[in-house]
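Trainee: could you look at this predicted model? Sequence included:
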Amino acid sequence: MGYPIHRPRRLRRTETLRCMVRETRVDIDDLIYPLFVTHGEGVKKEIESMPGNYHFSVDTLVEELGEVEALGIPAVMLFGIPKSKDAHGSEAYDPEGIIQEAVSAAKSAHPGLCVITDVCLCEYTDHGHCGVVKDGEIENDPTLALLAKTAVSHVRAGADMVAPSDMMDGRVAAIRSALDREGFEQFPIMSYAAKYASAFYGPFRAAAQSTPQFGDRRSYQMDPSNQREVLREVQLDIDEGADIVMVKPALAYLDVIRLVRDTFPVPVAAYNVSGEFAMVKGAAQRGWVDEKGIVIELLTGIKRAGADLILTYFAKDMAAWIKEGTV
Ligand code: PBG
(Lines give C-alpha, C1' and ligand atoms only; values in the text may rest on other atoms or scores of the structure.)
Protein backbone atom coordinates (compact mmCIF):
# COMPACT_ATOMS: atom_id res chain seq x y z
CA MET A 1 0.00 0.00 0.00
CA GLY A 2 2.98 2.29 -0.17
CA TYR A 3 5.35 3.71 -2.72
CA PRO A 4 5.36 3.66 -5.75
CA ILE A 5 1.52 3.49 -5.86
CA HIS A 6 1.35 6.28 -3.33
CA ARG A 7 3.27 9.48 -3.93
CA PRO A 8 2.11 12.36 -1.68
CA ARG A 9 4.22 14.72 -3.81
CA ARG A 10 1.73 14.38 -6.73
CA LEU A 11 -0.63 16.77 -4.97
CA ARG A 12 2.17 19.23 -4.25
CA ARG A 13 3.33 19.58 -7.84
CA THR A 14 1.71 22.92 -8.70
CA GLU A 15 0.42 25.87 -6.73
CA THR A 16 -3.08 25.21 -8.09
CA LEU A 17 -3.06 21.66 -6.79
CA ARG A 18 -1.65 22.78 -3.44
CA CYS A 19 -4.44 25.33 -3.17
CA MET A 20 -7.07 22.72 -4.01
CA VAL A 21 -6.03 20.40 -1.19
CA ARG A 22 -5.15 23.06 1.39
CA GLU A 23 -6.85 22.14 4.66
CA THR A 24 -6.57 25.35 6.67
CA ARG A 25 -7.00 28.96 5.64
CA VAL A 26 -7.09 31.98 7.85
CA ASP A 27 -9.97 34.22 6.74
CA ILE A 28 -10.14 37.94 7.34
CA ASP A 29 -13.39 37.17 9.19
CA ASP A 30 -11.41 35.21 11.78
CA LEU A 31 -9.43 38.24 12.90
CA ILE A 32 -9.93 40.52 15.88
CA TYR A 33 -7.60 43.52 16.19
CA PRO A 34 -6.67 44.77 19.69
CA LEU A 35 -6.20 48.52 20.14
CA PHE A 36 -5.26 50.87 22.99
CA VAL A 37 -7.11 54.10 23.63
CA THR A 38 -6.02 56.99 25.80
CA HIS A 39 -7.23 60.45 26.81
CA GLY A 40 -6.35 63.56 24.80
CA GLU A 41 -6.68 64.69 21.23
CA GLY A 42 -4.62 64.00 18.15
CA VAL A 43 -2.59 61.38 20.03
CA LYS A 44 -0.97 58.54 18.08
CA LYS A 45 2.00 57.47 20.15
CA GLU A 46 3.87 54.33 19.25
CA ILE A 47 4.14 51.75 22.03
CA GLU A 48 7.82 51.03 22.59
CA SER A 49 7.38 47.37 23.51
CA MET A 50 4.99 46.77 20.59
CA PRO A 51 6.29 48.45 17.41
CA GLY A 52 3.53 49.36 14.96
CA ASN A 53 0.96 49.58 17.78
CA TYR A 54 -0.14 52.89 19.25
CA HIS A 55 -1.86 54.68 22.07
CA PHE A 56 -4.69 56.41 20.21
CA SER A 57 -6.89 59.20 21.45
CA VAL A 58 -10.55 58.81 20.57
CA ASP A 59 -10.30 60.94 17.39
CA THR A 60 -7.26 59.13 15.95
CA LEU A 61 -8.77 55.79 17.00
CA VAL A 62 -11.83 56.53 14.91
CA GLU A 63 -9.56 57.20 11.90
CA GLU A 64 -7.66 53.99 12.53
CA LEU A 65 -10.93 52.07 12.65
CA GLY A 66 -11.65 53.36 9.16
CA GLU A 67 -8.50 51.54 7.97
CA VAL A 68 -9.42 48.43 9.93
CA GLU A 69 -12.88 48.38 8.37
CA ALA A 70 -11.51 49.01 4.86
CA LEU A 71 -9.33 45.92 5.26
CA GLY A 72 -12.46 43.91 6.02
CA ILE A 73 -11.50 43.08 9.61
CA PRO A 74 -14.85 42.48 11.34
CA ALA A 75 -13.95 43.22 14.95
CA VAL A 76 -11.69 45.10 17.31
CA MET A 77 -10.95 44.68 21.01
CA LEU A 78 -10.48 47.91 22.94
CA PHE A 79 -8.24 48.48 25.97
CA GLY A 80 -8.33 51.75 27.90
CA ILE A 81 -5.61 53.83 29.54
CA PRO A 82 -7.38 55.86 32.25
CA LYS A 83 -6.66 59.41 33.38
CA SER A 84 -6.05 58.25 36.92
CA LYS A 85 -6.00 55.00 38.84
CA ASP A 86 -7.43 54.20 42.26
CA ALA A 87 -7.94 51.26 44.59
CA HIS A 88 -11.28 50.25 43.06
CA GLY A 89 -10.50 51.03 39.40
CA SER A 90 -13.36 53.49 39.19
CA GLU A 91 -12.67 54.75 35.66
CA ALA A 92 -13.39 51.21 34.43
CA TYR A 93 -17.11 51.76 35.07
CA ASP A 94 -17.30 55.55 34.76
CA PRO A 95 -19.95 56.39 32.12
CA GLU A 96 -17.52 59.04 30.88
CA GLY A 97 -14.45 56.82 31.12
CA ILE A 98 -12.05 56.39 28.25
CA ILE A 99 -13.50 53.13 26.95
CA GLN A 100 -17.08 54.35 27.18
CA GLU A 101 -16.17 57.46 25.15
CA ALA A 102 -14.15 55.47 22.65
CA VAL A 103 -16.89 52.90 22.14
CA SER A 104 -19.56 55.45 21.54
CA ALA A 105 -17.41 57.42 19.05
CA ALA A 106 -16.33 54.20 17.33
CA LYS A 107 -19.87 52.93 16.91
CA SER A 108 -21.26 56.20 15.62
CA ALA A 109 -18.50 56.48 13.00
CA HIS A 110 -18.37 52.76 12.16
CA PRO A 111 -21.69 51.15 13.04
CA GLY A 112 -20.89 47.98 11.11
CA LEU A 113 -17.70 47.21 13.01
CA CYS A 114 -18.03 44.77 15.91
CA VAL A 115 -16.60 46.58 18.93
CA ILE A 116 -15.56 44.26 21.75
CA THR A 117 -14.34 45.61 25.06
CA ASP A 118 -11.93 44.01 27.49
CA VAL A 119 -13.61 43.96 30.89
CA CYS A 120 -11.03 44.08 33.66
CA LEU A 121 -9.82 46.32 36.46
CA CYS A 122 -6.03 46.01 36.19
CA GLU A 123 -5.55 48.98 33.85
CA TYR A 124 -7.61 51.10 36.26
CA THR A 125 -6.39 50.08 39.72
CA ASP A 126 -3.42 51.76 41.39
CA HIS A 127 -2.17 48.35 42.60
CA GLY A 128 -2.43 46.85 39.09
CA HIS A 129 -4.46 43.78 40.10
CA CYS A 130 -7.56 42.60 38.27
CA GLY A 131 -9.70 42.72 41.43
CA VAL A 132 -10.27 44.48 44.71
CA VAL A 133 -7.43 44.04 47.19
CA LYS A 134 -7.79 43.51 50.93
CA ASP A 135 -4.88 42.65 53.24
CA GLY A 136 -2.74 41.74 50.26
CA GLU A 137 -5.33 39.29 48.86
CA ILE A 138 -7.25 39.70 45.60
CA GLU A 139 -10.86 39.44 46.76
CA ASN A 140 -13.12 37.49 44.45
CA ASP A 141 -16.73 38.26 45.33
CA PRO A 142 -16.45 42.03 45.94
CA THR A 143 -14.82 42.28 42.51
CA LEU A 144 -17.78 40.72 40.69
CA ALA A 145 -20.10 43.68 41.16
CA LEU A 146 -17.46 46.05 39.74
CA LEU A 147 -16.87 43.86 36.71
CA ALA A 148 -20.62 43.61 36.09
CA LYS A 149 -20.94 47.37 36.37
CA THR A 150 -18.06 47.81 33.92
CA ALA A 151 -19.61 45.44 31.39
CA VAL A 152 -23.00 47.15 31.61
CA SER A 153 -21.41 50.58 31.11
CA HIS A 154 -19.59 49.31 28.01
CA VAL A 155 -22.74 47.92 26.42
CA ARG A 156 -24.66 51.07 27.35
CA ALA A 157 -21.98 53.04 25.48
CA GLY A 158 -22.57 50.83 22.44
CA ALA A 159 -20.22 47.83 22.74
CA ASP A 160 -21.34 44.81 20.71
CA MET A 161 -19.67 42.26 22.97
CA VAL A 162 -17.83 42.20 26.29
CA ALA A 163 -14.77 40.12 27.10
CA PRO A 164 -13.98 39.61 30.80
CA SER A 165 -10.24 38.96 31.24
CA ASP A 166 -9.93 39.11 35.03
CA MET A 167 -10.25 35.37 35.85
CA MET A 168 -12.35 35.88 38.99
CA ASP A 169 -14.65 32.93 39.72
CA GLY A 170 -18.26 33.59 38.82
CA ARG A 171 -17.68 36.72 36.76
CA VAL A 172 -19.42 35.44 33.64
CA ALA A 173 -22.59 34.72 35.66
CA ALA A 174 -22.39 38.13 37.35
CA ILE A 175 -21.96 39.92 34.02
CA ARG A 176 -24.66 37.85 32.28
CA SER A 177 -27.26 38.59 34.91
CA ALA A 178 -26.36 42.30 35.08
CA LEU A 179 -26.63 42.62 31.29
CA ASP A 180 -29.95 40.76 31.26
CA ARG A 181 -31.31 42.95 34.04
CA GLU A 182 -30.56 46.00 31.90
CA GLY A 183 -32.30 44.53 28.86
CA PHE A 184 -29.03 43.59 27.13
CA GLU A 185 -29.86 39.89 26.93
CA GLN A 186 -28.91 39.86 23.21
CA PHE A 187 -25.32 40.99 23.83
CA PRO A 188 -22.75 38.18 23.87
CA ILE A 189 -19.91 37.48 26.28
CA MET A 190 -16.54 36.24 25.05
CA SER A 191 -14.84 34.99 28.20
CA TYR A 192 -11.11 34.70 28.63
CA ALA A 193 -11.88 31.19 29.89
CA ALA A 194 -8.45 29.54 29.88
CA LYS A 195 -6.17 32.44 30.67
CA TYR A 196 -2.77 31.45 31.94
CA ALA A 197 -0.43 33.34 34.28
CA SER A 198 2.02 34.00 31.48
CA ALA A 199 5.28 35.86 30.97
CA PHE A 200 4.03 36.62 27.46
CA TYR A 201 1.91 39.56 28.68
CA GLY A 202 4.99 41.68 29.44
CA PRO A 203 4.84 44.11 26.48
CA PHE A 204 1.08 44.62 27.00
CA ARG A 205 1.58 45.48 30.66
CA ALA A 206 4.21 48.03 29.70
CA ALA A 207 1.74 49.46 27.18
CA ALA A 208 -1.24 49.49 29.55
CA GLN A 209 0.80 50.38 32.63
CA SER A 210 -0.92 47.46 34.33
CA THR A 211 1.94 45.57 35.97
CA PRO A 212 0.89 44.45 39.48
CA GLN A 213 2.53 46.68 42.08
CA PHE A 214 2.98 43.71 44.44
CA GLY A 215 2.98 39.96 43.90
CA ASP A 216 1.75 38.47 40.64
CA ARG A 217 -1.44 37.15 39.07
CA ARG A 218 -0.95 33.49 39.92
CA SER A 219 -3.78 33.40 42.48
CA TYR A 220 -6.30 34.04 39.70
CA GLN A 221 -4.75 33.21 36.31
CA MET A 222 -4.05 29.55 35.50
CA ASP A 223 -0.85 27.61 36.09
CA PRO A 224 0.86 27.09 32.68
CA SER A 225 1.49 23.46 33.66
CA ASN A 226 -2.19 22.57 33.72
CA GLN A 227 -4.37 21.21 30.94
CA ARG A 228 -7.04 19.16 32.76
CA GLU A 229 -8.07 22.25 34.69
CA VAL A 230 -9.08 23.87 31.39
CA LEU A 231 -12.05 21.50 31.16
CA ARG A 232 -13.33 22.86 34.45
CA GLU A 233 -12.69 26.53 33.71
CA VAL A 234 -14.31 26.40 30.27
CA GLN A 235 -17.27 24.31 31.44
CA LEU A 236 -17.95 26.79 34.24
CA ASP A 237 -17.85 29.76 31.87
CA ILE A 238 -20.19 28.07 29.39
CA ASP A 239 -22.58 27.11 32.20
CA GLU A 240 -22.51 30.73 33.37
CA GLY A 241 -23.43 31.99 29.90
CA ALA A 242 -20.23 32.52 27.90
CA ASP A 243 -21.01 32.58 24.16
CA ILE A 244 -17.40 32.37 22.97
CA VAL A 245 -14.51 31.00 25.03
CA MET A 246 -10.92 32.14 24.70
CA VAL A 247 -7.58 30.46 25.22
CA LYS A 248 -4.72 32.81 26.04
CA PRO A 249 -1.83 32.94 25.16
CA ALA A 250 -1.95 30.94 21.92
CA LEU A 251 1.44 29.61 20.84
CA ALA A 252 2.56 27.78 23.98
CA TYR A 253 -1.04 26.51 24.39
CA LEU A 254 -1.96 24.98 21.02
CA ASP A 255 -2.82 21.72 22.80
CA VAL A 256 -5.30 23.64 24.94
CA ILE A 257 -6.93 25.21 21.88
CA ARG A 258 -7.34 21.75 20.34
CA LEU A 259 -8.75 20.32 23.59
CA VAL A 260 -11.33 23.10 23.91
CA ARG A 261 -12.31 22.81 20.23
CA ASP A 262 -12.81 19.03 20.54
CA THR A 263 -14.66 19.16 23.85
CA PHE A 264 -17.07 22.11 23.70
CA PRO A 265 -19.62 23.11 21.06
CA VAL A 266 -19.04 26.86 21.24
CA PRO A 267 -16.76 29.09 19.14
CA VAL A 268 -13.17 29.20 20.36
CA ALA A 269 -11.01 32.30 20.25
CA ALA A 270 -7.23 32.33 20.74
CA TYR A 271 -5.24 35.38 21.79
CA ASN A 272 -1.88 35.72 20.03
CA VAL A 273 -0.58 37.96 22.82
CA SER A 274 1.85 40.85 23.04
CA GLY A 275 4.93 38.76 23.94
CA GLU A 276 4.30 36.49 20.97
CA PHE A 277 4.01 39.56 18.77
CA ALA A 278 7.15 41.13 20.22
CA MET A 279 9.27 38.00 19.68
CA VAL A 280 8.42 37.91 16.00
CA LYS A 281 8.75 41.66 15.57
CA GLY A 282 12.06 41.86 17.42
CA ALA A 283 13.64 39.03 15.43
CA ALA A 284 12.26 40.39 12.14
CA GLN A 285 13.62 43.88 12.84
CA ARG A 286 17.07 42.35 13.23
CA GLY A 287 16.64 40.51 9.96
CA TRP A 288 16.81 37.12 11.67
CA VAL A 289 13.44 35.86 10.45
CA ASP A 290 11.10 36.63 7.57
CA GLU A 291 8.21 38.39 9.30
CA LYS A 292 5.51 37.70 6.74
CA GLY A 293 6.34 34.01 6.44
CA ILE A 294 6.46 33.57 10.19
CA VAL A 295 3.20 35.43 10.83
CA ILE A 296 1.27 33.45 8.22
CA GLU A 297 2.64 30.18 9.58
CA LEU A 298 1.85 31.06 13.19
CA LEU A 299 -1.70 32.28 12.54
CA THR A 300 -2.38 29.26 10.32
CA GLY A 301 -1.06 27.04 13.13
CA ILE A 302 -3.40 28.66 15.64
CA LYS A 303 -6.33 28.11 13.31
CA ARG A 304 -5.26 24.52 12.55
CA ALA A 305 -5.15 23.88 16.30
CA GLY A 306 -8.86 24.70 16.35
CA ALA A 307 -9.33 28.44 16.86
CA ASP A 308 -12.34 29.97 15.11
CA LEU A 309 -11.24 33.49 15.99
CA ILE A 310 -7.75 34.92 16.46
CA LEU A 311 -6.97 38.08 18.38
CA THR A 312 -3.70 39.35 16.99
CA TYR A 313 -1.64 42.52 16.70
CA PHE A 314 -0.82 41.24 13.20
CA ALA A 315 -4.48 41.45 12.11
CA LYS A 316 -3.99 44.39 9.75
CA ASP A 317 -0.93 42.87 8.08
CA MET A 318 -2.61 39.51 7.73
CA ALA A 319 -5.81 41.02 6.34
CA ALA A 320 -3.81 43.02 3.78
CA TRP A 321 -1.92 39.91 2.65
CA ILE A 322 -5.13 37.86 2.38
CA LYS A 323 -6.75 40.69 0.44
CA GLU A 324 -3.92 40.98 -2.06
CA GLY A 325 -3.86 37.21 -2.42
CA THR A 326 -0.31 36.63 -1.20
CA VAL A 327 -1.07 34.30 1.71
C1 PBG B 1 -6.06 42.40 31.34
C2 PBG B 1 -5.44 41.83 30.13
C3 PBG B 1 -4.10 41.47 29.89
C4 PBG B 1 -4.02 41.11 28.54
C5 PBG B 1 -5.30 41.21 28.01
N6 PBG B 1 -6.16 41.64 29.00
C7 PBG B 1 -2.91 41.54 30.77
C8 PBG B 1 -2.78 40.68 31.96
O9 PBG B 1 -3.62 39.83 32.26
O10 PBG B 1 -1.81 40.93 32.68
C11 PBG B 1 -2.77 40.70 27.83
C12 PBG B 1 -2.79 40.87 26.33
C13 PBG B 1 -1.47 40.75 25.68
O14 PBG B 1 -0.43 40.43 26.29
O15 PBG B 1 -1.43 41.00 24.46
N16 PBG B 1 -6.21 41.53 32.41
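Mentor: Looks like it arrived, so ask away.
Trainee: which parts of the stretch 201-327 of the chain sit against the ligand?
Mentor: Contact residues (Cβ under 6 Å from any ligand atom) of the stretch 201-327 of the chain with the ligand: 201, 204-205, 210, 273-274. C-beta here means a position set from N, CA and C on the backbone, and glycine is covered the same way.
Trainee: mind running it again at 5 Å?
Mentor: Contact residues (Cβ under 5 Å from any ligand atom) of the stretch 201-327 of the chain with the ligand: 201, 204, 273-274.
Trainee: can you give me the buried ones in the lengthiest helix in the chain?
Mentor: Ranked by number of residues, the top helix in the chain under DSSP state H is helix 141-157. Within helix 141-157, the residues scored as buried using 16 or more other Cβ atoms under 10 Å are 143-144, 146-155, 157.
Trainee: next: stretch 66-76.
Mentor: So, applying 16+ other Cβ under 10 Å, buried residues of stretch 66-76: 68, 71, 73-76.
Trainee: what is the rounded mean pLDDT of that stretch?
Mentor: Averaging pLDDT along stretch 66-76 yields 98.
Trainee: show residues contacting it.
Mentor: 28-29, 31-35, 65, 106, 109-110, 112-116, 160-161, 315-316, 319-320, 323 (Cβ atoms under 8 Å, 6 or more residues apart in numbering).
Trainee: can you tell me the distance between the two ends of that stretch?
Mentor: Terminal residues of stretch 66-76 are spaced 12 Å apart (Cα to Cα, to the nearest Å).
Trainee: show me the helices in the stretch 1-150 of the chain, by range?
Mentor: 15-20, 58-70, 98-109, 141-157 (DSSP state H, counting those that start in this stretch).
Trainee: what packs against the last one?
Mentor: Where contact means 3 or more Cβ pairs under 8 Å, 6 or more residues apart in numbering; DSSP states H and E, helix 141-157 is packed against helix 98-109, strand 114-119, strand 132-134, strand 161-164, helix 171-181.
Trainee: among these, which is nearest Y196?
Mentor: Among the helices and strands packed on helix 141-157, the nearest to Y196 by Cβ to Cβ is strand 161-164 (15.6 Å).
Trainee: C120: which of the helices of the stretch 1-150 of the chain is closest?
Mentor: Of these, nearest to C120 by Cβ to Cβ is helix 141-157, at 7.6 Å.
Trainee: helix or strand: which one has the residue in the stretch 101-250 of the chain that the ligand sits nearest to?
Mentor: Across the stretch 101-250 of the chain, no residue is closer to the ligand than F204, which sits at 3.2 Å (Cβ to the nearest ligand atom). Taking DSSP states H and E as the definition, F204 sits inside helix 202-208.
Trainee: tell me how many other residues surround A320.
Mentor: 16 (other Cβ atoms under 10 Å).
Trainee: gap between the nearest residue to it once chain neighbours are set aside and D237?
Mentor: Nearest residue to A320 in three dimensions, chain neighbours excluded: L71, at 6.1 Å (Cβ to Cβ, 6 or more residues apart in numbering). As defined by Cβ to Cβ, to the nearest Å, L71 lies at a distance of 30 Å from D237.
Trainee: what do you get for F56?
Mentor: From F56 to D237 the distance is 30 Å (Cβ to Cβ).
Trainee: ok, A284 next?
Mentor: 35 Å.
Trainee: more crowded one of those two?
Mentor: D237 (26 against 17).
Trainee: can I take it that the more buried one is in a helix?
Mentor: Yes. With DSSP: H, G, I helix; E, B strand; the rest coil as the criterion, D237 is part of a helix.
Trainee: quick check: residues of the stretch 1-150 of the chain near the ligand?
Mentor: 120, 122.
Trainee: redo that, cut-off 6 Å
Mentor: Counting by Cβ under 6 Å from any ligand atom, the residues of the stretch 1-150 of the chain near the ligand are 118, 120, 122, 130.
Trainee: what sits against the last one?
Mentor: The reference is to C130. So C130 contacts 120-122, 138, 143, 165-168, 217, 220 (Cβ under 8 Å, 6+ apart).
Trainee: out of everything not next to it in sequence, what's closest to it?
Mentor: D166 (4.0 Å).
Trainee: can you pull the contacts of P111?
Mentor: Residues counted as contacts of P111 (Cβ under 8 Å, 6+ apart): none.
Trainee: what do you get if the cut-off is 10 Å, keeping everything else the same?
Mentor: Going by Cβ atoms under 10 Å, 6 or more residues apart in numbering, P111 touches 158, 160.
Trainee: roughly how far does it sit from G97?
Mentor: 21 Å.
Trainee: same question, G306
Mentor: In terms of Cβ to Cβ, G306 sits 35 Å off from G97.
Trainee: the two: which is more packed in?
Mentor: G97 (23 against 18).
Trainee: find the nearest non-adjacent residue to that one, please.
Mentor: E91 (4.5 Å).
Trainee: quick one, grab the pLDDT at the one you found.
Mentor: 97.
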